[in-house]
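Enquirer: no sequence on this one, just coordinates:
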């Protein structure tokens, strides 16, 4: 069994303290002193792992990326009925964003106050744009989606989701997740596959 060293434990404690802080405070109030007060570790220890609070957010953004792309996998790369896969992916995205809501809001807020972190946030969004664009173009080649420029549509849909999820789940009390999922599904499915498939869990679009 691998043992977690003191260094890894301290870094994890700082990240956990940041997650706890964000649940009840805006990012603008995050300070090194505030974070370290709940870790039982000296304030100076923070600088062994991070230069500032934005670097903490970068580490948390990396964690979020892994979660987001894991639940997005069904529609992004899955094989089968695309509407069914879309429902599965959106359910996963809403589940993650509901659980991580204030954290996602803090990431978006941090991106407005630091140029380096803003680039990382845009890189994350761009990665998801690339994945959505590739899936749309693949379905267009199969005749499942009508012919249009996929990239601006993918960007628009992704930004709608990002800000809708932040608005719904980014502060307490959070909204109920199911209506948010239904709204997102309505927008994505009607835009890409047609409004006739909104009420169906199966689109029968797949060509054999």
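Expert: Arrived safely. Since the structure is predicted, the reported quantities are computational estimates derived from the model, not experimental observations.
Enquirer: Could you check how far the residue most central in space within the chain is from residue 125?
Expert: By Cα atoms, centre = their mean, the chain has its centre lying nearest to residue 68, at 4.9 Å. Remark: distance between residue 68 and residue 125 (Cβ to Cβ, to the nearest Å) = 10 Å. For every residue, glycine as well, the C-beta is placed using N, CA and C.
Enquirer: about what we covered before: report the contact partners of the residue nearest to the centre of the chain.
Expert: Residue 68 is in contact with 93, 96, 128, counting by Cβ atoms under 8 Å, 6 or more residues apart in numbering.
Enquirer: Compare those residues and tell me which is most surrounded.
Expert: For the contacts of residue 68, the largest neighbour count, defined by other Cβ atoms under 10 Å, is 22 neighbours, found at residue 93.
Enquirer: domains of this structure?
Expert: 1-50, 52-197 (automatic domain parsing).
Enquirer: worst average pLDDT in the ones you listed?
Expert: Among those, domain 1-50 has the lowest mean pLDDT, at a mean of 83.
Enquirer: Now do the longest helix belonging to the chain: distance to the chain's middle.
Expert: Ranked by residue count and defined by DSSP state H, the top helix of the chain is helix 115-141. With Cα atoms, centre = their mean, to the nearest Å as the basis, helix 115-141 stands 12 Å off its chain's centre.
Enquirer: helices or strands up against it?
Expert: helix 53-77, helix 101-110, helix 150-169 (3 or more Cβ pairs under 8 Å, 6 or more residues apart in numbering; DSSP states H and E).
Enquirer: what comes up buried for that helix?
Expert: Under the neighbour-count criterion of 16 or more other Cβ atoms under 10 Å, helix 115-141 has 117, 120-121, 124-125, 128-129, 131-133, 135-136, 139 buried.
Enquirer: ok, now stretch 94-109?
Expert: 94, 96-98, 100-109.
Enquirer: now swap in stretch 180-200 and tell me
Expert: Within stretch 180-200, the residues that count as buried by 16+ other Cβ under 10 Å are 180, 181, 183, 184, 185, 187, 188, 189, 191, 192, 193, 197.
Enquirer: Could you point out which of the residues you listed is nearest to residue 150?
Expert: Distance to residue 150 across the buried residues of stretch 180-200 (Cβ to Cβ) is lowest for residue 192, with 9.5 Å.
Enquirer: who touches that closest one in this structure?
Expert: Residue 192 sits in contact with 82, 86, 136, 139, 145, 153, where contact means Cβ under 8 Å, 6+ apart.
Enquirer: Reformat these as TSV; add distance to residue 13.
Expert: Compiled in TSV, the contacts of residue 192 are given as follows (distance: Cβ to Cβ, whole Å):
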residue	distance to residue 13
82	43
86	39
136	42
139	45
145	47
153	43
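Enquirer: picking that back up, in helices, which of the buried residues of stretch 180-200 appear?
Expert: 180, 181, 183, 184, 185, 187, 188, 189, 191, 192.
Enquirer: re earlier: pipe the buried residues of stretch 94-109 into a markdown table and attach distance to residue 48 per row.
Expert: Formatted as a markdown table, the buried residues of stretch 94-109 follow (distance: Cβ to Cβ, whole Å):
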| residue | distance to residue 48 |
| --- | --- |
| 94 | 37 |
| 96 | 30 |
| 97 | 32 |
| 98 | 34 |
| 100 | 26 |
| 101 | 30 |
| 102 | 27 |
| 103 | 23 |
| 104 | 27 |
| 105 | 28 |
| 106 | 23 |
| 107 | 23 |
| 108 | 28 |
| 109 | 26 |
